[in-house]
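S.K.: Let's see this in three dimensions:
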Amino acid sequence: MLFSIGVYATDIEGYDVLVHPDTTCAEHFTASTEYISAQQPHPMFEVGYRYRIPFFGVTPNNGLPLYCDTEMQPLISAFLYWKWLKIGYNIALKPINKGFNFAYNINMGRMHLAFSIAHIRNLRLVNESDYSQFIDSTDNETRLRAFRSTDWDVNAEWVCNKRYALLSGYDYSYHRAQLKSQGSGIVGFTFGHNAFNKRNFDETEQADAVLATLPLEKAKINTFNLGAGYGHNFAFNGGRWVLGLLCVPYVAAGPASYTMNGEEKDAFDYGFRANGRVNLTYNYRFGGISLSGEYNGTFLKNSDFDYKREVGNIRLNHAFRLGEFGLKNCKVPGHKTMDRIQRILTGE
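M.R.: Below you'll find the model as predicted:
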């Protein structure tokens, strides 16, 4: 059995920063409640170190399975938080793959909206043992430069309990922390697009031989997904420490078009999707430190093949509350426009 204690007292060092932040020139922001701290009214700057690993798999009913990944990718990230805005960039430290990964999140009251797109090529073959007749055992790895995977998603999830701090579950609780432990049911809808194709590209003989065994030349899969899950934020020391956990599984179904052995086909795919997250955050006056892990997975099948796509992320971040260093909301160009947009998004 789990026991969690939420402390709500004003004698904790740094407590006033969470519950009663500096509102000088803050204009419009969401105030604190008994369960959730006030939104940080001034800009915040976050830097972090990130590991990402995408996994891709396609298994034809007649043929060898193809499993690929990019190995662990180290990245440095830099993000700016300001009211409803989160913008930033991830810089790859190693040229492991050729592609890009973009994500944008926005919160409207109790709704979390997310858009992401990933375009990856130069994948690494994982199940080399299945292709031992084509691969020289002295090779360290086989890169499939002619194979490309593209995915994008639009996701909306609604938090049922207004005492559940949305940003503590979906993002980082130093932006709006959970003060007392609380959980919530989560319902969601997602539209997803998954695609892959073999291209004309210079390859090694081993990679050419591997891809030649795959009867699928290209595929496009669009799915509509309905899901329901649960999230819980465990708050300790009045929001100084927050442990957030959530998981939302989805039922997925939608049309697919693909080319197999030179023949164009249409089919109806079905399967499931899931996203999960765990994050531990420590808050103090000048900022916060967060360690988090994320998982997003998709499994689909039809009469000719199974499709799998998984992405894992591990992040270590530190955020600086720039208001504590003198950069107040009213000193940033465009702050009135930011406030007007926030009123529209939150309905306040």
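
S.K.: How are the helices of this structure distributed by residue range?
M.R.: Assigned by DSSP state H, the helices in the chain fall at 15-19, 166-170, 205-212, 335-346.

S.K.: Adding distance to residue 293 and mean pLDDT, write those out as TSV.
M.R.: (Glycine included, C-beta is placed from N, CA and C.) Listed next are the helices of the chain as TSV, based on distance: least, Cβ to Cβ, whole Å; pLDDT from 0 to 100:
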stretch	distance to residue 293	mean pLDDT
helix 15-19	24	69
helix 166-170	14	89
helix 205-212	31	86
helix 335-346	28	84
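
S.K.: for the ones you listed, which one sits closest to residue 150?
M.R.: helix 205-212 (17.0 Å; Cβ to Cβ).

S.K.: Which parts of that closest one count as buried, going by neighbours?
M.R.: 206-207, 210-211 (16 or more other Cβ atoms under 10 Å).

S.K.: Please state the offset of that helix from the chain centre?
M.R.: 33 Å (Cα atoms, centre = their mean, to the nearest Å).

S.K.: just the helices of the chain: most buried one?
M.R.: Each of the helices of the chain was assessed for mean neighbour count using mean count of other Cβ atoms under 10 Å. The highest is helix 166-170, with a mean of 26.

S.K.: Distance check, the most far-flung residue of the chain relative to its centre against residue 89.
M.R.: Residue farthest from the centre of the chain, counting by Cα atoms, centre = their mean, is residue 133 at 38.0 Å. Separation of residue 133 from residue 89 (Cβ to Cβ, to the nearest Å) stands at 43 Å.

S.K.: again, but for residue 131
M.R.: For residue 131, the distance to residue 89 - Cβ to Cβ - is 37 Å.

S.K.: With residue 182 instead?
M.R.: Taking Cβ to Cβ, one finds residue 182 at 33 Å from residue 89.

S.K.: More neighbours: which of the two?
M.R.: Counted by other Cβ atoms under 10 Å, residue 182 and residue 89 do not tie: residue 182 has more neighbours, with 22 against 10.

S.K.: what's that one in contact with, if anything?
M.R.: Going by Cβ atoms under 8 Å, 6 or more residues apart in numbering, residue 182 touches 35, 161, 163-165, 232-233, 235.

S.K.: Swap in 10 Å and give it another go.
M.R.: Residue 182 is in contact with 4, 6, 35-36, 161-165, 168-169, 231-235, counting by Cβ atoms under 10 Å, 6 or more residues apart in numbering.

S.K.: Skipping adjacent residues, who's closest to residue 217 in space?
M.R.: Take residue 217 and drop its neighbours on the chain: the residue closest to it by Cβ to Cβ, 6 or more residues apart in numbering is residue 259, 4.3 Å away.

S.K.: Centroid-nearest residue for the chain?
M.R.: residue 294 (6.3 Å).

S.K.: roughly how far apart are that residue and residue 246?
M.R.: 10 Å.

S.K.: Quick check: neighbours shared by these two?
M.R.: With Cβ under 10 Å, 6+ apart, residue 294 and residue 246 have common neighbours 170, 275-279.

S.K.: CSV for those residues, including distance to residue 299?
M.R.: Converted to CSV, these look like this (distance: Cβ to Cβ, whole Å):
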residue, distance to residue 299
170, 23
275, 13
276, 14
277, 19
278, 21
279, 25
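
S.K.: ok, the residue nearest to residue 217 - contacts?
M.R.: Contacts of residue 259 by Cβ under 10 Å, 6+ apart are 197-198, 215-220, 265.

S.K.: Is it bridged to anything, and to what?
M.R.: Listed by DSSP bridges, the beta-bridge partners for residue 259 are residue 218, residue 264.

S.K.: what do you get for residue 198?
M.R.: Bridge pairing for residue 198 - DSSP bridges - gives residue 147.

S.K.: neighbours around it, how many?
M.R.: So residue 198, with other Cβ under 10 Å, has 16 neighbours.
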